[in-house]
Structures are given as structure tokens and as C-alpha cells.
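In: compute the structure for the input listed below.
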Amino acid sequence: MNRIVQRGVLVCMIATALLDPDTALARQAVDPQPVRTVPPAQRDGRRPLHDLGGAFVDFGRDFWLTLSAPVRMDRGDWLATAGVVAAGGVLFLVDEDIMRAALRNLDEPGFEQIDDVGTFLEPIGLMGKTNVYFGSAAIISWALGWERPNRMFTEILYSEWIAGMVRGATNRMVGRARPHNDLGSRHFAVNRGTSFPSGHASTVFQLAAVVSHHARSTPVSIVLYGLAGTVAWQRVTAETHWPSDVWLGAAYGWAVAQLVIRLHEDDALRVHPAVGPSGGIGLGFRYTF
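Out: A predicted model of the protein is given here:
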């Protein structure tokens, strides 16, 4: 029954973004014109096969630019990264203490409810289960010509795929044992452990980052990140990840999502030749909201 309810909630969230183009997810921020619903095949000369090929090219570009992002980081980026890694290092030193405290207080008022919410939402952190919904939503919004929802679902998919590929390789290379293996927080063996980093934490914080960006609403962002936090907490109480795995996994997923969002926001700005009213030739700018 829980699985049916969970899938129902996910479908309802996606349907809200698709079927109500006047919500904050689809609202045009600068020029609030009605969302266009002309199929892309009839608009701007776009063709399904052409657009599919473009999607593969865009993903390859996003993947490469995400992997090479460190070479373009400025001083502020490096300081922020150092702060996140340092916090992860501190958590690593006290992983077992935090784990014991979390399990000891699991039945306490407040903690129990947080864990219940995280357990309910835990399947959302599984890419294999949610990608079919997000992929379907991306295709439907493309077919209907709803650019903003389409961009949101595309960013969710791209960020999850990029982070997932890198994370999968890291899991095996680091080889950290999970808490339930009873080997301790400092047991590492290549190709033996998959605790670091947390895939669930990475995925739910990517989802929160992308949807928050498009919702452009502080209350919505607070709720989304709060719900993502409950899943992160559940990964610890379920003894599937150490606290440092969750912290760095969430930070990594959020960072990848922000990079993908930035790349796609840049794509929304188009520069093209234009002829002015007096016949003069110049450049025109078009921004897709």
C-alpha cells in the first residue's frame, strides 16, 4: 500500500507541474504571457529526431563541463568546497558517535516523525524507480510545447545521470563499508563497499535544488529541502550510510544540479541577427522563460 501511495504522490507532483502552467513552476517571470501549447514539431521548425539528437549532444556537453568544472572554479568556489569537505572530515571522525546517538533517540518525539517521513519518501531517492516518471514528464512537456516544465524535468534527469555515473565509480573505488556490515566507519576495501557517497542523499537534494530553482518560492524551497533532509536522516537511522556519506553525497548532488541549472539557463538566452524598423542590421536577443 505504501508503494502505491508513494507513486501516487510522485505522479500528482509531476501532473501539477505539467497540467497547471500558471503555477510558479511554469510562470513566465518577466513577460507573463500564456504558456504556449503548440507541439514543437509545428513550432520553430523543430523535429522529434532532431531534438532527440540535440538532447544527447546537450547531455554530453553537460557531462563534460561538469567533470571539468574544477578547472574553472574561482577562489570563492574553492573556499566553499574546502568548507564542505572539512565539515565532512569532522563528521568522519565522529561518524560512529552520531550513528549511536541517532539510533538511541530514534523513538523520541520529533525524531520518530522525521524518520517516518524519510522512510515514506525514501523510494524517491532511487533513480531507477523515478526516472521513468521524470522521463515521461519531460517527453509530455516537450510534446505540448511547455518549455519551462520541460527544462525542469530535463535538468532533473541530466543532473541525476551525471552524478550517478560519477558516484557509481566513486562507490567502488572508495569501497567504504556500510554501517550494517558491522565493520566500523573506517573500513575501506576497493570494490567491496558502496557506502560513500550516499546515492539517496545526492538524488533527493538534486531534486530539491532543481524544483526550488523553478518554483522561485522561498516557502516551497524550505519544504523541499526539509523533505530532502528527512530522507538523508533516514539513511543514517536505517544504517545504510554513515553521516559523512550523507553530508558529502547531498553536497555533491546539490553542486551538480546547480551546474546543470546554470548551463541550461545560459542556453535560454539566444542571440540572433535582426533587422531593425529602419532597415538597419544588428543583433537580437531572445530569452526563453
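In: which SSE is Val166 in?
Out: helix 147-174 (DSSP states H and E).
In: list the buried residues of that helix.
Out: Residues of helix 147-174 classed as buried: 147-164, 166-167, 170-171, 174 (neighbour count, 16 or more other CB atoms under 10 Å). From N, CA and C alone the C-beta is placed, and that goes for glycine too.
In: closest to the centroid, which residue in this structure?
Out: Taking CA atoms, centre = their mean, the centroid of the chain lies closest to Gln206, which sits 2.0 Å from it.
In: how near is that residue to Ala228?
Out: Distance, Gln206 to Ala228, by CB to CB, to the nearest Å: 9 Å.
In: show me where the protein has strands.
Out: Remark: strands assigned in the chain by DSSP state E are 269-275, 281-287.
In: from Gly168, how far out is Gly184?
Out: Taken as CB to CB, the span from Gly184 to Gly168 is 24 Å.
In: no wait, Ala215
Out: 29 Å.
In: for the residue nearest to the centre of the chain, what are its contacts?
Out: Ile156, Ser159, Glu160, Ala163, Gly253, Trp254, Val256, Ala257 (CB atoms under 8 Å, 6 or more residues apart in numbering).
In: what does Ala208 give?
Out: Ala208 touches Ser221, Leu224, Tyr225, Leu227, Ala228, Trp254, counting by CB under 8 Å, 6+ apart.
In: identify the farthest-apart pair in the residues you listed.
Out: Farthest apart among those by CB to CB are Leu227 and Trp254. That separation is 14.2 Å.
In: looking at the two, which has the bigger crowd around it?
Out: Using other CB atoms under 10 Å as the criterion, Leu227 and Trp254 rank with Trp254 on top: 23 against 18.
In: the more buried one contacts Leu207, correct?
Out: No. Using CB atoms under 8 Å, Trp254 is not in contact with Leu207, being 10.2 Å away.
In: which stretches of the stretch 1-150 of the chain have low pLDDT?
Out: 1-46 (pLDDT under 70).
In: repeat that with 90
Out: 1-58, 107, 109, 128-129, 142-148 (pLDDT under 90).
In: what's the spacing between Arg75 and Thr81?
Out: 11 Å.
In: more neighbours, those two?
Out: Thr81 (14 against 7).
In: so who does the more buried one touch?
Out: Met73.
In: number of residues surrounding Met127?
Out: Around Met127 there are 19 residues (other CB under 10 Å).
In: my guess is it contacts Ser202, does it?
Out: No. Contact criterion CB under 8 Å: Met127 and Ser202 do not qualify, at 9.5 Å.
In: mutual contacts of those two, please.
Out: Gly164.
In: what number of residues lie near Gly226?
Out: Using other CB under 10 Å: Gly226 sits among 12 other residues.
In: I'd like the numbering to begin with 10 instead of 1 from here.
Out: Happy to do that; since the first residue is 10 now, the last one works out to Gly235.
In: mind listing what Asp86 touches?
Out: By CB under 8 Å, 6+ apart, the contact set of Asp86 is empty.
In: which parts of the stretch 110-259 of the chain are helices?
Out: Using DSSP state H, counting those that start in this stretch, the helices found in the stretch 110-259 of the chain span residues 120-130, 136-153, 156-183, 208-224, 227-246, 252-276.
In: against which helices or strands is the helix holding Val175 packed?
Out: Packing partners of helix 156-183 (3 or more CB pairs under 8 Å, 6 or more residues apart in numbering; DSSP states H and E): helix 11-28, helix 57-76, helix 136-153, helix 208-224, helix 252-276.
In: against Ile148, how distant is Ala237?
Out: From Ala237 to Ile148 the distance is 25 Å (CB to CB).
In: who's more crowded, those two?
Out: Ala237 (27 against 14).
In: from what I can see the more buried one touches Thr212, true?
Out: No. Counting by CB under 8 Å, Ala237 sits too far from Thr212 to count as a contact (9.1 Å).
In: would you mark the buried spots in stretch 140-160?
Out: 140, 142-143, 146-147, 149-151, 153-160.
In: kindly apply the preceding question to stretch 88-104 instead.
Out: Quick answer for stretch 88-104 (16+ other CB under 10 Å): Val93, Gly97, Leu100, Phe101, Asp104.
In: look up how far Ile165 lies from the nearest residue to His222 once chain neighbours are set aside.
Out: Nearest residue to His222, sequence neighbours excluded (CB to CB, 6 or more residues apart in numbering): Ile270, at 5.3 Å. Ile270 sits 10 Å away from Ile165, going by CB to CB.
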